[in-house]
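Student: give me a 3D structure for the following:
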Amino acid sequence: MKLIQNFLPFLRWFPMSKETLRADFIAGITVALILVPQSMAYAQLAGLPVVYGLYAAFIPVIVASLWGSSNQLHTGPVAMLSLMSAAAVISFATPGTTDFIEISLMLALMVGILRLALGVFRLGAIVNLLSSPVIIGFTNAAALIIGFSQLSKVIGVPFPRSDSYLFDLSNVFGQLPEVHWWTLIFAAGAWVLIAGLKKINGALPGVLIAVAVTTLLSALFGFENKTSVSHSLVQDKASVKTIEMYGKTKNQIGLLTTSIANNNAQARKLEEEGGIENIEKAQQLLAQANVYKYQLKQLNDENNNRRIELHGMTFKGVLENDVLVALYPSGTVPANTETDNQTWRFNKVEGEKIILSSGGAVVGYIPQGLPSLEVPKIRWDLLFALLPAALVMALIGFMEATSISKAIATTTGERVDTSKELIGQGLANITGSFFGSYTVSGSFSRSAVAAKTGAKTGLFAIISALSVVLVLLFFTAYLYHLPQAVLAIIVMMAVFSLIRIDPIIHAWKIDRSGAVIGLVTFFATLIMAPAIANGILFGISLTVLHCLIRTMKPRTDVLSVKDDGTLGGVNAHQLEPVSPYFVPVRFDGSLTFVNVAYFEDMILEAHADFPEATTILVVGSGINDIDASGEEKIREVAKHLREVGVNLVFSSLKNQVMRVLEESGVVKELGTYAFYASKETAFNALKTAHDNALKYECYEEEKENK
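Tutor: Sure thing, here's the model as predicted:
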């Protein structure tokens with residue numbers, strides 16, 4: 001039975017009682033009220049149409065609940081991985097395009113395979129590379145990046161994306177004078193409604209209520225208000241020229257993106273066929289693709305600037321018999337003409353038409369129906385380019401899921417198997433990528449709600465996913481007028497709550513080096529955004545380097561007796577040395593190839609500081625391991641000291657270390673008298689011996705003087 005449950009872990013739910021079914025049903029419906037609006041908001045954060053958020057809230061939720069180890073963990077779209085997905089893919093395609101969607105699904109497949117592999121081979125311990133300060137620094141930076149990335153939607157201005165998030169954000173702040181007030185009012189109203197309802201009664205689905213109310217008001221008052229016009233209606237040549245250049249450049253960007261993909265695909269095919277001629281052709285194609293990439297970046301930068309310039313232009317419509325016949329830049333409308341009392345702004349170019357808007361952005365058309373089964377398109381040319389981001393996303397997602405599960409388990413008493421959780425999360429992403437889902441992970445907010453409302457088994461997650469099915473089948477048309485500003489507020493409220501300062505302050509008090517690494521990770525993530533995966537990779541590198549340095553140079557000190565009779569460091573406690581002839585030193589680290597040179601330096605330095613010493617005692621209680629380099633170095637140092645009349649002795653060595661020294665012959669070479677069971681025994685014996693020797697020398701001197 002246990003073997004079957006390892007393959008089908010959801011069997012642990014059975015048998016179910018009526019109370020369990022009722023609790024899971026209530027929890028599932030409650031979570032669904034949060035899941036639907038959140039999934040749409042996070043899809044936009046990932047640079048995808050909102051329907052892909054709903055797809056991600058369907059199949060992956062079911063698979064993760066069936067094969068995960070936590071009964072209360074809810075899997076689906078989450079803010080952090082949504083942003084990381086967008087940041088990873090945006091270098092290769094324009095958000096919202098077919099290419100962007102295909103690469104996002106491929107990335108989900110990669111993340112799923114990595115998580116599944118980590119789970120199958122029980123390699124979850126690799127997440128230990130993410131130290132607490134690094135996680136906090138990265139999370140705080142990512143929360144700020146995610147939150148402020150939504151600011152443009154809240155104030156109704158464009159947010160052109162480039163290679164620098166901070167530069168893009170400065171462009172948004174530069175457009176504050178052009179704020180669209182109705183968009184801001186909708187966003188502020190949603191915030192007040194969500195926060196107010198939470199304060200009045202936390203059980204109320206504030207997010208869903210805000211979505212319903214703002215969608216209804218948006219539809220009633222015609223919040224979107226778009227119109228399609230020809231170029232000839234715009235009565236300003238400079239504006240028309242800028243719009244035409246924007247449309248033309250946008251087409252060039254699309255063609256270049258396709259050319260890059262084609263060149264990479266052809267080059268890969270030629271390399272697989274082999275042969276000198278084919279390899280040369282492949283290199284030429286790749287070189288041409290690099291040229292295209294440079295041109296693509298230039299065109300994107302140009303159009304980003306044009307987009308901001310176009311948004312700054314406003315137009316007034318002139319009517320004849322209630323028909324729009326001309327558009328003039330604001331302030332240039334001829335006198336005594338009838339206008340439509342609207343202020344129009346550029347929205348986009350569609351073919352030969354210009355789309356103008358006098359209102360705010362809404363979600364728009366959402367395809368009705370369930371996602372179809374389709375094998376993700378594998379872009380082999382992007383595989384290695386996406387791999388670092390996929391690995392970081394796999395680790396971050398795993399860390400989120402396990403930390404949430406363990407936090408909930410402290411109240412439920414449930415045992416969480418991290419390897420099974422990895423398998424469940426991996427299968428969820430793999431299966432989801434075949435049904436239009438981008439990368440998913442465990443959600444803290446939805447899991448907390450599930451636990452609070454009394455979810456007993458993973459059935460609650462399946463019920464929430466079936467609720468999404470109902471939305472996809474019957475209610476997508478009703479979401480057309482949902483303001484994008486409301487979705488932006490949902491994201492901002494969710495991620496800003498993740499910002500934590502106290503852990504960094506606490507780390508500063510107990511581990512200043514770790515706190516500094518956390519702060520460096522924070523600023524590196526901000527600077528490197530939108531490629532935030534590089535920020536945490538930088539933090540991990542610093543952590544590993546710091547750990548390596550600490551391993552190479554463990555804590556050492558000359559020991560002496562404190563006032564209370566215990567031993568302490570001479571430098572740490574400002575103590576007087578025990579004796580000029582006997583030097584006890586502490587070495588707190590495993591004696592391996594990494595630090596044998598430092599061990600030798602420590603011994604030689606002690607001998608240099610106490611040239612009259614005849615014995616150096618190494619207190620080895622901190623030596624947990626020793627390798628071939630370590631035992632060889634002990635031989636060399638002991639031999640060198642013997643040549644100058646100094647004995648090297650040890651105390652407090654652990655069994656595993658003593659066993660290595662005995663089997664290698666070091667104990668026989670140095671003599672059993674050179675090894676003491678405890679530091680107290682060694683200290684007392686050696687101090688007594690050297691004190692007696694000193695008394696004898698003094699006696700002999702006095703005798704000679706007489």
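
Student: mind listing the strands for this protein?
Tutor: Assigned by DSSP state E, the chain shows strands spanning 74-76, 226-230, 314-320, 323-329, 344-350, 353-357, 441-443, 555-561, 567-569, 582-588, 615-619, 647-651, 675-676.

Student: okay if I get those as a markdown table plus mean neighbour count and mean pLDDT?
Tutor: For every residue, glycine as well, the C-beta is placed using N, CA and C. Supplementary listing: these in a markdown table, determined by neighbours: other Cβ atoms under 10 Å; pLDDT from 0 to 100:
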| stretch | mean neighbour count | mean pLDDT |
| --- | --- | --- |
| strand 74-76 | 32 | 93 |
| strand 226-230 | 15 | 90 |
| strand 314-320 | 18 | 89 |
| strand 323-329 | 17 | 89 |
| strand 344-350 | 19 | 88 |
| strand 353-357 | 20 | 91 |
| strand 441-443 | 29 | 89 |
| strand 555-561 | 19 | 84 |
| strand 567-569 | 17 | 78 |
| strand 582-588 | 22 | 88 |
| strand 615-619 | 25 | 90 |
| strand 647-651 | 21 | 91 |
| strand 675-676 | 20 | 90 |
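
Student: quick one, which of these gets closest to I260.
Tutor: Each of the strands of the chain was scored for nearness to I260 using Cβ to Cβ, and the closest is strand 344-350 (22.5 Å).

Student: can you tell which of the strands of the chain is closest to V516?
Tutor: For the strands of the chain, the distance to V516 is smallest for strand 555-561, at 18.9 Å, taking Cβ to Cβ.

Student: what's next to that closest one, contact-wise?
Tutor: Taking contacts as Cβ atoms under 8 Å, 6 or more residues apart in numbering, the residues outside strand 555-561 that touch it are 567-573, 575-578, 583-589, 598, 602, 606, 609, 619, 622.

Student: redo that, cut-off 7 Å
Tutor: Strand 555-561 is touched from outside by 567-572, 575-578, 583-588, 602, 606, 619, with contacts defined as Cβ atoms under 7 Å, 6 or more residues apart in numbering.

Student: close enough to count as contact, V578 and N684?
Tutor: No. Using Cβ atoms under 7 Å, V578 is not in contact with N684, being 11.1 Å away.

Student: more neighbours: which of these two?
Tutor: V578 (22 against 12; other Cβ atoms under 10 Å).

Student: which strand residues bridge the nearest residue to that one once chain neighbours are set aside?
Tutor: Counting by Cβ to Cβ, 6 or more residues apart in numbering, the nearest residue to V578 once its immediate chain neighbours are dropped is S560, at 5.2 Å. On the basis of DSSP bridges, S560 is bridged to G568.

Student: contacting residues around the residue nearest the centre of the chain?
Tutor: In the chain, the centroid-proximal residue (Cα atoms, centre = their mean) is I396; its distance is 4.7 Å. With contacts defined as Cβ under 7 Å, 6+ apart, the neighbours of I396 are 80-81.

Student: if we use 10 Å, what do you get?
Tutor: With contacts taken as Cβ atoms under 10 Å, 6 or more residues apart in numbering, I396 has the following neighbours: 78, 80-81, 84, 111, 127, 130, 135, 138-139, 142, 441, 532-533, 536.

Student: closest to Q150 among those?
Tutor: Within those, the smallest distance to Q150 is 13.2 Å, found for A142 (Cβ to Cβ).

Student: give me the neighbour count for that closest one.
Tutor: Here the neighbour count serves as a burial measure; for A142 (other Cβ under 10 Å) it reads 26.

Student: check A613 too.
Tutor: Counted with other Cβ under 10 Å, the burial measure for A613 works out to 22 neighbours.
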